[in-house]
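> Sequence below, structure please.
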Amino acid sequence: MKTDSPFDKIMNLKMIISILSVFLILTVLITIKKVSSSQDYMTYLKKEIGPDLPTEEPKTQTSTLPYLNGYDWDDINKMKASIFEKTSFKISILQIIIETSMFLKKPVVEDISKLEIYISALDTFYSSPDNRMIPVFFAMKVIEMQQQAIPEENVSAYRSLLLEKFNKPTKS
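Residues are numbered from 1 along each chain as shown. Okay, here's the model as predicted:
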């Protein structure tokens, strides 16, 4: 009977903790997305915090789509939090995306040690309003293509396909 080495046990435990962390962070993100994109946002806040809130609706445009995109990325930038907290939140999001893509054997990036570069590049990418409907996963692919010195016409063609796919008006 083969027994797991201490190293195997640690690696299994680390994988379980990683998966649980991913599920916890995804649950928090989905909850935040549901509340922030809800029509009853101010009603929710009044119920949770109290009636002494301004009555006007938030003026930021948000996405009601089930994936994180540039509007969500912009919402993180607008949070009332320190730069460290915002950056930590963004790193967590990128780690979830990267780990999930690796688990699915379709890694979105080659070098996971450069998360700060990706954060800066995503801030720049989403500074263009045209790019805001593109999911973070695909925006990271565009940035990875640029990092790998893929010819600009190929990167532009890929970005154009993404714009065409994700900027279509939704049917009501």
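> hang on, P107 in a strand?
No: looking at P107 with DSSP: H, G, I helix; E, B strand; the rest coil, it is coil, so not inside a strand.
> Okay, it and A149: tell me how far apart.
Look at P107 and A149: by CB to CB, to the nearest Å, they are 18 Å apart. All C-beta atoms are positioned from the backbone trio N, CA, C, and that covers glycine.
> From K106, how far off is A139?
Distance from A139 to K106, by CB to CB: 16 Å.
> what about these two, which has more around it?
Between A139 and K106, counted using other CB atoms under 10 Å, A139 has the larger neighbour count: 25 against 10.
> what about the more buried one, helix or strand, and which?
Using DSSP states H and E, A139 falls within helix 136-147.
> Show me what that helix packs onto, helices and strands only.
Counting contacts by 3 or more CB pairs under 8 Å, 6 or more residues apart in numbering; DSSP states H and E, helix 136-147 packs against helix 70-78, helix 83-103, helix 115-125, helix 152-166.
> Could I have the CA atoms of it written out in PDB?
Listed next in PDB are the C-alpha coordinates belonging to helix 136-147 (Å, rounded to 0.1, in the frame of the first residue of the first chain):
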ATOM      1  CA  VAL A 136     -10.900  40.600 -18.200                       C
ATOM      2  CA  PHE A 137      -9.800  37.100 -19.400                       C
ATOM      3  CA  PHE A 138      -9.800  38.200 -23.000                       C
ATOM      4  CA  ALA A 139      -8.200  41.600 -22.200                       C
ATOM      5  CA  MET A 140      -5.400  39.600 -20.500                       C
ATOM      6  CA  LYS A 141      -5.000  37.600 -23.700                       C
ATOM      7  CA  VAL A 142      -4.600  40.800 -25.700                       C
ATOM      8  CA  ILE A 143      -2.000  42.100 -23.200                       C
ATOM      9  CA  GLU A 144      -0.200  38.700 -23.300                       C
ATOM     10  CA  MET A 145      -0.100  38.900 -27.100                       C
ATOM     11  CA  GLN A 146       1.500  42.400 -26.800                       C
ATOM     12  CA  GLN A 147       4.000  41.100 -24.200                       C
END
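> Okay, angle between it and helix 115-125 too, please.
For helix 136-147 against helix 115-125, the angle by axes from the mean of the first three to the mean of the last three CA atoms, to 10 degrees is 100 degrees.
> how about helix 136-147: buried residues?
136-145, 147 (16 or more other CB atoms under 10 Å).
> ok, the residue nearest to M145 when sequence neighbours are not counted to F125 distance?
The shortest distance from M145 to any non-neighbouring residue, by CB to CB, 6 or more residues apart in numbering, is to V155 (4.8 Å). Between V155 and F125 the computed distance is 11 Å (CB to CB).
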